[in-house]
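Asker: From the sequence below, what's the structure:
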Amino acid sequence: MKESIIKKAQAVIATEIESIEAMSSKLNQQFVKAVDIILSTKGRVVVVGMGKSGIIGQKLAATMASTGTPSFFVHPGEAFHGDLGMIKPIDVALLISNSGETEEVIRLLPFLEYQGNKVVAMTGNVN
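Answerer: Below is the predicted model:
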């Protein structure tokens, strides 16, 4: 029993290694541009995501904040119920959506454009 648990854990780790290696080959100038935007902001990084992407976004915002990049998470469902006031024009919005088509996230784009916020999209769909 213990041996099968170890073998299963090793298989999971091997799968994760393969995924990370595949992801590293996708890094390009768009990634460099996104990092540059985040590093050059005078404001904060406002991370937005819905569902699983939101959970990942909360962790990402917490990690950035604890490592010196001012950031916080805004739930897109709460944004239009008062939370938009937390986003200042000098902030960068990091929008996370696997499909790139999450309605609650997309609905924020006109507001961010109106304010002049720079936007970085993290998505599984390059289109």
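Asker: average pLDDT for whichever helix in the chain runs longest?
Answerer: Among the elements of type helix in the chain, defined by DSSP state H, the one spanning the most residues is helix 2-24. Confidence over helix 2-24, taken as the mean pLDDT, stands at 93.
Asker: Identify each buried residue in that helix, please.
Answerer: In terms of neighbour count (16 or more other C-beta atoms under 10 Å), helix 2-24 has no buried residues at all. Any C-beta I mention is one placed from the backbone N, CA and C, and that applies to glycine too.
Asker: State the next helix or strand along the chain beyond that helix.
Answerer: helix 29-40 (DSSP states H and E).
Asker: so what does that next one touch, helix or strand wise?
Answerer: Applying 3 or more C-beta pairs under 8 Å, 6 or more residues apart in numbering; DSSP states H and E, we find helix 29-40 packed against strand 92-97, strand 118-123.
Asker: any idea how far Glu16 lies from Ala9?
Answerer: Counting by C-beta to C-beta, to the nearest Å, the gap between Glu16 and Ala9 amounts to 11 Å.
Asker: before we move on, back to that, give me whichever of the helices and strands packed on helix 29-40 is most buried.
Answerer: Per residue and on average, the most neighbours among the helices and strands packed on helix 29-40 fall to strand 92-97, with a mean of 24 (mean count of other C-beta atoms under 10 Å).
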